[in-house]
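> starting from these lines, generate the structure:
(3 chains)
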Amino acid sequence: MLDEAVGLGAVTVLGVLEQAYFSLQVIYARRKYKVSPPCISGPPEFERIFRAQANCSEYFPIFITILWTSGVFFSQGLSSLCGLLYLYGRLCYFWGYAESAQGRLAPLYFSARVLWVLIGFSAVGVFLSFCRVYMELDLLQALGHALF
Amino acid sequence: MLDEAVGLGAVTVLGVLEQAYFSLQVIYARRKYKVSPPCISGPPEFERIFRAQANCSEYFPIFITILWTSGVFFSQGLSSLCGLLYLYGRLCYFWGYAESAQGRLAPLYFSARVLWVLIGFSAVGVFLSFCRVYMELDLLQALGHALF
Amino acid sequence: MLDEAVGLGAVTVLGVLEQAYFSLQVIYARRKYKVSPPCISGPPEFERIFRAQANCSEYFPIFITILWTSGVFFSQGLSSLCGLLYLYGRLCYFWGYAESAQGRLAPLYFSARVLWVLIGFSAVGVFLSFCRVYMELDLLQALGHALF
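Residues are numbered from 1 along each chain as shown, chains lettered A, B, ... in the order given. Predicted structure coming up:
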């Protein structure tokens, strides 16, 4: 179990480090634009960085959840790869949003698409496991037999 | 391990899909009420949808965490069932909150109660495992012997 | 697997209970300062409690993720201990922030430092597992041989 999850573990640690980086950026922005907690409104430059971090934080648990569901029930390799792409997309999103509200869109769509791929992997993996466990039906094997 | 978690995996995928649905509703509301990011305040209709999604997102990691803790340490079947009830309650909450601030209350209390049941299951499951592993005491068996 | 995760399960249940406590405090503050949902701005006393809970909620999934990664790949005992310290730090943070914006700083730094320790444990654990699984190299054993 553990040995099959090293890739997922590595992506998870990278993901947490990315979130830490985003949080630090908000702290720097609070200092730069003089917006003291608990206040969360200020100049647009600050609000964009604040919202970028809030959006990434909001998606982080969904990402981790679906990364592991997909990795455990479908394929560790493919899921870890998608995980890396997602984290890269989120980095571009954060930098783009910090520049302008427009700049967040392309990487946002990209990371959303990667998330949908992971959701698809998870759904297929859980469905195949379900058939195998509760209906004693190995769909992949049955498909293989039907085709060849 | 994996075979005993198919139900939890299925509820997890459903939960992620529900969160995706809520996120899409916020995007549609931003367009409809012309509230462009990073702004998060606008007409009450928009703010209710925004807050409904924010609240569901906030509870999502707690839900997933306690769903799996309860499923792994207590019972997969009961936990998956509670998970489905929780997701149904959250859907009603979202629709109710989008209608009026009052409309969010009944389903909010319902889903909070389901969450408490899952917390109770987890606490009992972890406690029983603790006794078994560290005190070599199987409480359920001991209870069975005492009663019959 | 399960038996080696009882400590992590116990810390997880405690963490969820702490989040439930924070959520209840926000509900009480909303009543006390008469700030009805979906509104999230009000007197500073309310905003501090609201932001304290929002910040703890934001970090909760990161904490749970890194607690389990560290516990599974590195050491359950050390991770559970750090988990307890983190939860204690967050409690002090919440009470401190409710008093004054200044009062949140010391416990915030403390809990951030504990989080970094857990991130370090996870990184080391994942790296050692990676060497063992993909390079067939047991670094701890090799280090032991080199030293003694």
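> what helices and strands are in contact with the helix or strand hosting A:Val124?
Here A:Val124 is covered by helix A:105-134, with elements defined by DSSP states H and E. Packing contacts for helix A:105-134, counted by 3 or more Cβ pairs under 8 Å, 6 or more residues apart in numbering or on different chains; DSSP states H and E, involve helix A:44-73, helix A:76-99, helix A:139-147, helix B:6-32. Where C-beta positions appear, they are placed from N, C-alpha and C, glycine not excepted.
> what angle sits between that helix and helix A:76-99?
150 degrees (axes from the mean of the first three to the mean of the last three Cα atoms, to 10 degrees).
> mind listing what's buried along helix A:105-134?
A:107-108, A:110-111, A:114-115, A:117-119, A:121-132 (16 or more other Cβ atoms under 10 Å in any protein chain shown).
> now A:Gly9: how far from C:Gly15?
20 Å (Cβ to Cβ, to the nearest Å).
> could you do A:Arg104 as well?
31 Å.
> kindly report the same for A:Ala112.
For A:Ala112, the distance to C:Gly15 - Cβ to Cβ - is 29 Å.
> go on, A:Ile62?
A:Ile62 is 19 Å from C:Gly15, by Cβ to Cβ.
> and if you look at A:Thr69?
A:Thr69 is 21 Å from C:Gly15, by Cβ to Cβ.
> please apply the same query to A:Ala54.
A:Ala54 is 21 Å from C:Gly15, by Cβ to Cβ.
> more crowded one of those two?
Higher neighbour count among A:Ala54 and C:Gly15: C:Gly15, with 24 against 19, using other Cβ atoms under 10 Å in any protein chain shown.
> and the closest residue to the more buried one other than its chain neighbours, how many neighbours?
Using Cβ to Cβ, 6 or more residues apart in numbering or on different chains and skipping residues adjacent in sequence, the residue nearest C:Gly15 is C:Leu87, 5.7 Å away. C:Leu87 has 20 neighbouring residues, counting by other Cβ under 10 Å.
> same thing with the one 4 residues further on?
The burial metric for C:Leu91, expressed as a neighbour count using other Cβ under 10 Å, is 16.
> what about it, distance to C:Tyr97?
Applying Cβ to Cβ to C:Leu91 and C:Tyr97 gives a distance of 11 Å.
> cool, A:Leu105 as well?
For A:Leu105, the distance to C:Tyr97 - Cβ to Cβ - is 35 Å.
> before we move on, what about A:Met135?
Counting by Cβ to Cβ - A:Met135 and C:Tyr97 are separated by 52 Å.
> okay, those two: which has more neighbours?
Each of A:Met135 and C:Tyr97 has its neighbours counted (other Cβ under 10 Å); C:Tyr97 has more, 25 against 9.
> test my guess that the more buried one contacts C:Ala52.
Yes. Counting by Cβ atoms under 8 Å, C:Ala52 is a contact partner of C:Tyr97 at 3.9 Å.
> looking at A:Val35 now. What's its pLDDT?
You'll see A:Val35 listed with a pLDDT of 87.
> the closest residue to it other than its chain neighbours: neighbour count?
Using Cβ to Cβ, 6+ apart and skipping residues adjacent in sequence, the residue nearest A:Val35 is A:Gly42, 3.9 Å away. Neighbour count of A:Gly42, defined by other Cβ under 10 Å: 16.
> in contact with the spatially most central residue of chain A, which residues?
Nearest to the mean C-alpha position of chain A, by Cα atoms, centre = their mean, lies A:Phe63 at 3.4 Å. Applying Cβ atoms under 8 Å, 6 or more residues apart in numbering or on different chains, we find A:Phe63 in contact with A:Gly15, A:Gly83, A:Tyr86, A:Leu115, A:Leu118.
> for A:Val26, state which of those residues is nearest.
For these, the residue nearest A:Val26 by Cβ to Cβ is A:Gly15; the value is 17.2 Å.
> how much space between A:Ser111 and A:Phe94?
10 Å.
> does the residue nearest to A:Val35 touch A:Arg31 like I think?
No. Using Cβ under 8 Å, A:Gly42 makes no contact with A:Arg31, being 11.6 Å away.
> I'd like to know which elements the helix or strand bottoming out on mean pLDDT in chain A is packed against.
The weakest-scoring helix or strand in chain A, judged by mean pLDDT, DSSP states H and E, is helix A:139-147 (a mean of 77). Other elements packing on helix A:139-147 under the criterion 3+ Cβ pairs under 8 Å, 6+ apart are helix A:105-134.
> now the helix it packs on: average pLDDT?
Helix A:105-134 comes out at a mean pLDDT of 94.
> how about stretch A:73-81?
Here the average pLDDT along stretch A:73-81 is 95.
> re the thing from before, who touches both of C:Tyr97 and C:Ala52?
A:Pro38, C:Arg104.
> show me which residues of chain A are close to chain B?
A:1, A:44, A:47-48, A:50-51, A:58, A:61-62, A:65-66, A:69, A:72-73, A:97, A:101, A:104, A:119, A:122-123, A:125-126, A:129-130, A:132-134 (Cβ under 8 Å from any Cβ of the partner chain).
> contact partners for A:Val124?
Residues in contact with A:Val124 (Cβ under 8 Å, 6+ apart) are A:Phe74.
> repeat that for A:Leu137.
Counted by Cβ under 8 Å, 6+ apart, A:Leu137 has contacts A:Cys131.
> model confidence for it, exactly?
Taking A:Leu137 on its own, its pLDDT is 77.
> swap in A:Met1?
For A:Met1, the predicted pLDDT is 54.
> check the residue nearest to A:Tyr134 when sequence neighbours are not counted and give its pLDDT.
For A:Tyr134, ignoring the flanking residues on the chain, the nearest one in space by Cβ to Cβ, 6+ apart is B:Val6 at 7.3 Å. pLDDT, B:Val6: 93.
> per-residue pLDDT, the residue nearest to A:Val35?
The predicted local confidence for A:Gly42 is 86.
> what about it, is that helix, strand or coil?
Under DSSP: H, G, I helix; E, B strand; the rest coil, the three-state class of A:Gly42 is coil.
> would you list the phi and psi of it?
Per-residue torsions, A:Gly42: phi -170, psi -150 (degrees, to the nearest 10).
> perfect, that will be all.
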